[in-house]
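Q: below: sequence and its predicted model.
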Amino acid sequence: MRFPPGFLWGAAAAAHQVEGGNSNCDSWLLEHTEGTIYAEPSGDACDHYHRYAEDIALLAALGFNSYRFSIEWARIEPEPGEFSLAQLEHYRRMLAACHEHGLKTVLTMHHFTSPRWIAARGGWEVPETAKLFARYCERAVEHLGDLIDVACTLNELNLGILLQQQGLLQSDEAIVSAPWRGAAAKALGTNPENFSSFPFCVRSRSREVLLEAHRLGRQALRAGGGKFPIGMTLALRDLQAVAGGEEICNRIRFEAEDVFLEEARGDDFVGVQYYTLQRIGPNGLLHPAPGAKFTQMGYEFWPDGLEAAIRYASAKAQVPVIVTENGLATDDDLQRIEYVERALAGMGRCLSDGIDVRGYFYWSMLDNFEWLFGYAPKFGLVAVDRATQRRIPKPSAGWLGHIASINEI
Ligand code: BGC
């Protein structure tokens, strides 16, 4: 199978998960608050903030032609309206390093973390945040626009809804009153009701704010002079209704996917992020079938579902698709190769059927900070020695890099 010329092959990362020392953002605060549900703090992460040049060179040497990463709002606008040119310059150097190594840049403006001051004033549940996000995008694109090849506004606008559907976030009230979040609010000198962080934001209030942030962010990026495609990324599952589960499956899909995919019709592409499937019965989500294989995240091993996610996103959004994340956490690198091989086969079938897929980004380049789970899950193509920060490419890195370099399987 040959892929279209110019197909993007890369790996993805997010600022907070790899940079280290990202202490002005809301996640850092939540990681360090008494009663925290994070397994451990992010700390130095992969020290990518200082080691990006080495990492970018490695990605290129492995055979990839692009890098997806995010810039950190909490660094760029540490206080409301106060923009740091030094931090913008840092990201300019990162983008320039990609170009020097022949890597296309896929830049995400927001990947889960926000400045503390945003979290303290209602975060993604108050309409003002959409405007503030657009102002940040405007400043960032003014400084970086000429070096961006593809831009993503927000990573996984639908994450909060998804977590609620999985029963990981309970009612509005339970989230707001969680003691550790209360302590975080106190640390910021705000009421618990005013404190809101992206991954935990409450469905009823946040959906419109997030969609508006995407629209205003897109407008700011488009007006910024650079000419590059702009889209959102979405967490998509392979949702399968089993006997009697059709109605509830449709409802789950509508709330968590359709609302966002319909919005993406106004974009230049949609970012598909796929990890696993979910079966739905008449009473909601079902436990995995007996005998199912699991990844370190407890997700069912089901790479084949990437195909369904691409087909669904493409049909609903009616714009080109980029697979902006796909991967698994495992200690068994052969299992990683099997997962990606099967996922790529599905993506290949989509392309053969004429679906416009423009790229594939494995999540993640490095073993990194997996949010609530800390450093235990191993998503990386490249291992990181936590004591020395040494990078150790796994066989899957060379295997996928080779596919990337010849653009065929
Ligand atoms: C997120 C990443 C995360 C990955 C694996 C995606 O939902 O964008 O930040 O590390 O899933 O769980």
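A: Yep, that arrived.
Q: who's in contact with the strand or helix carrying Glu208?
A: Using DSSP states H and E, Glu208 maps to helix 203-223. Helix 203-223 has contacts (C-beta atoms under 8 Å, 6 or more residues apart in numbering) with 109-110, 124-127, 129-131, 133-135, 137-138, 141, 145, 151, 153-154, 157, 160-161, 164, 172, 196, 201, 230, 232, 259-260, 263, 266-267. Heads up, the C-betas are built off the backbone N, CA and C, glycines and all.
Q: the helices in the stretch 301-409 of the chain, which residues?
A: For the stretch 301-409 of the chain, the helices defined by DSSP state H, counting those that start in this stretch occupy 305-317, 333-352, 395-406.
Q: most neighbours per residue, which of the ones you listed?
A: Mean neighbour count (mean count of other C-beta atoms under 10 Å) peaks for helix 305-317 among the helices of the stretch 301-409 of the chain, with a mean of 22.
Q: check which helices and strands that one sits against.
A: Under the contact criterion of 3 or more C-beta pairs under 8 Å, 6 or more residues apart in numbering; DSSP states H and E, helix 305-317 touches strand 230-241, helix 259-263, strand 269-281, strand 321-326, helix 333-352.
Q: just for this structure, where's the confidence low?
A: The chain contains residues with pLDDT under 70 at 167-177, 203.
Q: close to the ligand: what parts of it are there?
A: Within the chain, the residues that sit near the ligand (C-beta under 6 Å from any ligand atom) are Ala14, Gln17, Asn155, Glu156, Ala235, Gln273, Glu325, Trp363, Glu370, Phe379.
Q: which of those fall within strands?
A: Secondary structure assignment by DSSP state E places Ala235, Gln273, Glu325, Trp363 of these in strands.
Q: quick one on the thing from earlier: of the helices of the stretch 301-409 of the chain, which is nearest Ser66?
A: Relative to Ser66, the nearest member of the helices of the stretch 301-409 of the chain by C-beta to C-beta is helix 395-406, separated by 8.8 Å.
Q: quick one on the thing from earlier: can you tell which of the helices and strands packed on helix 305-317 is closest to Asn250?
A: Among the helices and strands packed on helix 305-317, strand 230-241 sits nearest to Asn250 (C-beta to C-beta), with 7.8 Å.
Q: just to revisit the earlier point, mind putting the helices and strands packed on helix 305-317 into CSV with distance to Ser42?
A: Shown next, in CSV, are those (distance: least, C-beta to C-beta, whole Å):
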stretch, distance to Ser42
strand 230-241, 21
helix 259-263, 27
strand 269-281, 21
strand 321-326, 19
helix 333-352, 23
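Q: what's the closest of these to Asp55?
A: Across those, Asp55 has its closest neighbour in strand 321-326 (17.4 Å, C-beta to C-beta).
Q: who touches the closest one?
A: Residues outside strand 321-326 that contact it (C-beta under 8 Å, 6+ apart) are 8, 12, 68, 106, 150, 152, 231, 233, 269-275, 303, 306, 310, 313-314, 340, 343, 347, 350, 355-363.
Q: now these: which count as buried?
A: Neighbour counting by 16 or more other C-beta atoms under 10 Å classes 8, 12, 68, 106, 150, 152, 231, 233, 269-275, 303, 306, 310, 313-314, 340, 343, 347, 350, 355, 357-363 among the contacts of strand 321-326 as buried.
Q: can you show me the CA trace of stretch 339-351 as PDB?
A: The C-alpha trace of stretch 339-351 is given here as PDB (Å, rounded to 0.1, in the frame of the first residue of the first chain):
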ATOM      1  CA  TYR A 339      -1.400  -2.400  17.200                       C
ATOM      2  CA  VAL A 340      -0.100   0.200  14.800                       C
ATOM      3  CA  GLU A 341       0.100  -2.300  11.900                       C
ATOM      4  CA  ARG A 342      -3.500  -3.100  12.300                       C
ATOM      5  CA  ALA A 343      -4.500   0.500  12.800                       C
ATOM      6  CA  LEU A 344      -2.600   1.500   9.600                       C
ATOM      7  CA  ALA A 345      -4.300  -1.300   7.700                       C
ATOM      8  CA  GLY A 346      -7.700   0.200   8.600                       C
ATOM      9  CA  MET A 347      -6.500   3.700   7.700                       C
ATOM     10  CA  GLY A 348      -5.300   2.200   4.400                       C
ATOM     11  CA  ARG A 349      -8.700   0.800   3.700                       C
ATOM     12  CA  CYS A 350     -10.200   4.300   4.300                       C
ATOM     13  CA  LEU A 351      -7.800   5.800   1.800                       C
END
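Q: and the contacts of it?
A: Stretch 339-351 is touched from outside by 1, 3-4, 274, 301, 303-308, 310-311, 314, 321, 323, 326-328, 330, 357, 360, 362, 396, 400, 403, 409, with contacts defined as C-beta under 8 Å, 6+ apart.
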